[in-house]
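K.L.:
How does the following fold in three dimensions:
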Amino acid sequence: MNNYSKVLRLMSFVLFLVVLGAVAGTRAQDAKPASGAAPDVLVLSDGDVLHGKLVKAVGGKVTFHTESLGDVEVAWDKIKELHAAEKFSVLEKSVKLRGKKSTAQIPTGTIDVEGAAITVLGENAPAAPIAVKNAAFVVDADAMDNQIHREPSFFGGWNGAATAGATLVQATQNQYTFSGGIGLVRTVPTVSWLDPRNRTQFDFTGSFGKITQPGTTPSKSAIYHMDAERDEYISSRLFLLVQAAWDHNFAQDLQLQQIYGGGLGVALMKMPRQEADAKATVQYEKQSFIGGTESNQNLIGSTFALNYVRRSRLFAFTQELDFVPAYNTPSAYSASENDTVAFPTYKNFAFSVGTIDSYLNNAPMGAKRNSFQFTMGMTYAFKSKY
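P.N.:
Sure, this is the predicted structure:
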């Protein structure tokens, strides 16, 4: 086994451990015992009374959990009274949270809702009730403290998806192809009502295939990509980043391409159903080719990237565009485009189709510069909060 294969396998093992930790974190969250506090009371405008647990209030809707109905969403204008025994924090629309010091201005305590007004009973409670129309978020006080003041463990807080697909053919020729990928993201805090502090990302995609036929030399294909990125936000939309990426592409005669760099990113769009980021880096890049050392390159360049995500009830679409110029060897540039559409099927499972198109301008003679893959398989999404 050569050194490049060892590097790829080591990084795959690290990602595998992260996935196991993320899944374990999800199960631990689901297994959290229910509180023994007295049930909260929700009185609807038609007189119906629900007993259970206030979960949160976001976007003008209150989420209330009962044993018989599960989570129920009710608009504020349909609520006559609400009494919660545990402590909650009320974030008004006019309040902008900037760092840990700003938490002192957030009313926290037990809450009572009557006459379209929220009364907070606690140490930093306001002198007058808060109108429900001015309450952007009502969240559990412990959850808010956890989000603001604590960082998750290495294996905690990950969200992402794993995809796998395969093709098997047995005839005059025997052929098999396996493809798959893992994408993991951890954004801290994990909630929409706080600006992000940092974000960590891991991605791995791979495709391996082999064709055998009696009396002929077996042919194979192997394409792997792996990357890692750490973002540190300096405002709600602007962030600094460091990244690393590794690529192996047998079709392009590329043994291993390594990229290490850092730069600046900006959130161009950040909405519940759509997100878009633009990034630019300065980096060191090393290319090693299968054909021999005379084609190897040590490059200084950049990565210009655009990431886009679109979510709906019927599908989730992700797109990543990358252009990688080399300043000391202008002909050694590359580019890639990844597109994936996932269609939810059952619970956390989805059916996904996608394309992976990569271009390597300085591929050795005899190797094709462009590599195109069409992928199809099942995707499992996992979510973990801390």
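
K.L.:
residue ranges for the helices of the stretch 51-200 of the chain, please.
P.N.:
141-149 (DSSP state H, counting those that start in this stretch).

K.L.:
Where does the prediction get shaky in it?
P.N.:
95-104, 123, 127 (pLDDT under 70).

K.L.:
care to break this protein down by domain?
P.N.:
40-149, 152-382 (automatic domain parsing).

K.L.:
need these in a markdown table with mean neighbour count, can you?
P.N.:
For the C-beta atoms, the positions are set from N, CA and C on the backbone; glycine is no exception. A markdown table is the format used below for these (neighbours: other Cβ atoms under 10 Å):
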| stretch | mean neighbour count |
| --- | --- |
| domain 40-149 | 16 |
| domain 152-382 | 16 |
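
K.L.:
shaky segments in the stretch 251-386 of the chain?
P.N.:
For the stretch 251-386 of the chain, the stretches with pLDDT under 70 are 385-386.

K.L.:
how about the strands of it, start to end?
P.N.:
254-270, 274-289, 297-301, 304-311, 316-324, 334-346, 349-360, 370-382 (DSSP state E, counting those that start in this stretch).

K.L.:
so how far is stretch 177-188 from its chain's centroid?
P.N.:
Distance, stretch centre to chain centre, for stretch 177-188: 9 Å (Cα atoms, centre = their mean, to the nearest Å).

K.L.:
how about it as PDB, C-alpha atoms only?
P.N.:
C-alpha atoms of stretch 177-188 as PDB (Å, rounded to 0.1, in the frame of the first residue of the first chain):
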ATOM      1  CA  THR A 177     -19.300  -0.300  -9.000                       C
ATOM      2  CA  PHE A 178     -19.700   1.200  -5.500                       C
ATOM      3  CA  SER A 179     -20.300   4.800  -4.800                       C
ATOM      4  CA  GLY A 180     -21.100   6.800  -1.700                       C
ATOM      5  CA  GLY A 181     -20.500   9.900   0.300                       C
ATOM      6  CA  ILE A 182     -20.700  11.500   3.800                       C
ATOM      7  CA  GLY A 183     -21.300  15.100   4.500                       C
ATOM      8  CA  LEU A 184     -21.100  16.500   8.100                       C
ATOM      9  CA  VAL A 185     -21.700  20.000   9.400                       C
ATOM     10  CA  ARG A 186     -21.600  21.400  12.900                       C
ATOM     11  CA  THR A 187     -22.700  25.000  13.400                       C
ATOM     12  CA  VAL A 188     -22.400  26.500  16.800                       C
END
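
K.L.:
residues in contact with that stretch?
P.N.:
Contact with stretch 177-188 is made by 15, 18-19, 22, 151-152, 157-167, 196-210, 221, 373, 375, 377, as judged by Cβ atoms under 8 Å, 6 or more residues apart in numbering.

K.L.:
residues contacting G291?
P.N.:
By Cβ under 8 Å, 6+ apart, G291 lies in contact with D253, P364, G366, A367.

K.L.:
Farthest-apart pair in the residues you listed, please.
P.N.:
Comparing every pair within the contacts of G291 by Cβ to Cβ identifies D253 and G366 as the most remote, at 7.4 Å.

K.L.:
Assumed F204 was part of a strand.
P.N.:
Yes - residue state for F204 (DSSP: H, G, I helix; E, B strand; the rest coil) corresponds to a strand.

K.L.:
Isn't it up against M226?
P.N.:
Yes - if you go by Cβ atoms under 8 Å, F204 and M226 touch, sitting 4.8 Å apart.
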